[in-house]
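Engineer: Below is the structure, and that's it, no one-letter string:
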């Protein structure tokens with residue numbers, strides 16, 4: 001585990017800093033609860049787990065999405081910055097919700113049309129775009 005830009009990261013590029021392997025994390029999230037064990041195992045090995053403090057920006061508007069993120073715990077707001085400088089909350093996301101999904105559907109780079117900010121201490125799993133596209137090809141039920 002290490003900290004970068006104030007974010008605690010427990011897994012990077014297939015190297016797990018925490019040796020404990022538990023399929024419970026993903027299986028407890030509604031979207032993943034009906035996935036086969038083989039898929040859950042692949043997802044567990046590929047996830048990047050990050051912790052964000054209340055008020056910390058997770059992803060900035062206008063920056064590229066390189067994959068999808070799933071909120072494991074906490075509460076996140078999606079904020080749109082308007083041309084006049086005003087920020088508006090466009091939605092709230094909680095445990096089991098995703099952001100960045102459009103990048104999986106796009107062949108080109110997808111840019112965030114909003115920022116995501118932790119409204120309370122939050123844990124988020126990130127899954128790389130190419131990995132998720134491959135998983136959708138292997139497990140078409142993910143696209144539902």
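Structural biologist: Looks like it arrived, so ask away. The shown structure was predicted, so the numbers you read here are calculated from the model rather than taken from an experiment. Numbering: from 1, shown residues only.

Engineer: Following the chain onward from the worst-scoring helix or strand of the chain on mean pLDDT, which element is next?
Structural biologist: Within the chain, no helix or strand scores below strand 15-16, which has a mean of 34 by mean pLDDT, DSSP states H and E. Moving toward the C-terminus from strand 15-16, the next helix or strand (DSSP states H and E) is helix 24-27.

Engineer: ok, now how distant is the nearest residue to residue 34 once chain neighbours are set aside from residue 116?
Structural biologist: Among residues not flanking residue 34 along the chain, residue 141 sits closest, at 7.9 Å (CB to CB, 6 or more residues apart in numbering). No exception for glycine: its C-beta is placed from N, CA and C like everyone else's. According to CB to CB, to the nearest Å, residue 141 and residue 116 sit 26 Å apart.

Engineer: Show me which of those two is the more surrounded one.
Structural biologist: residue 116 (24 against 10; other CB atoms under 10 Å).

Engineer: Isn't that one up against residue 57?
Structural biologist: Yes - counting by CB atoms under 8 Å, residue 57 is a contact partner of residue 116 at 7.2 Å.

Engineer: where's the residue nearest to residue 34 relative to residue 39, distance?
Structural biologist: 9 Å.
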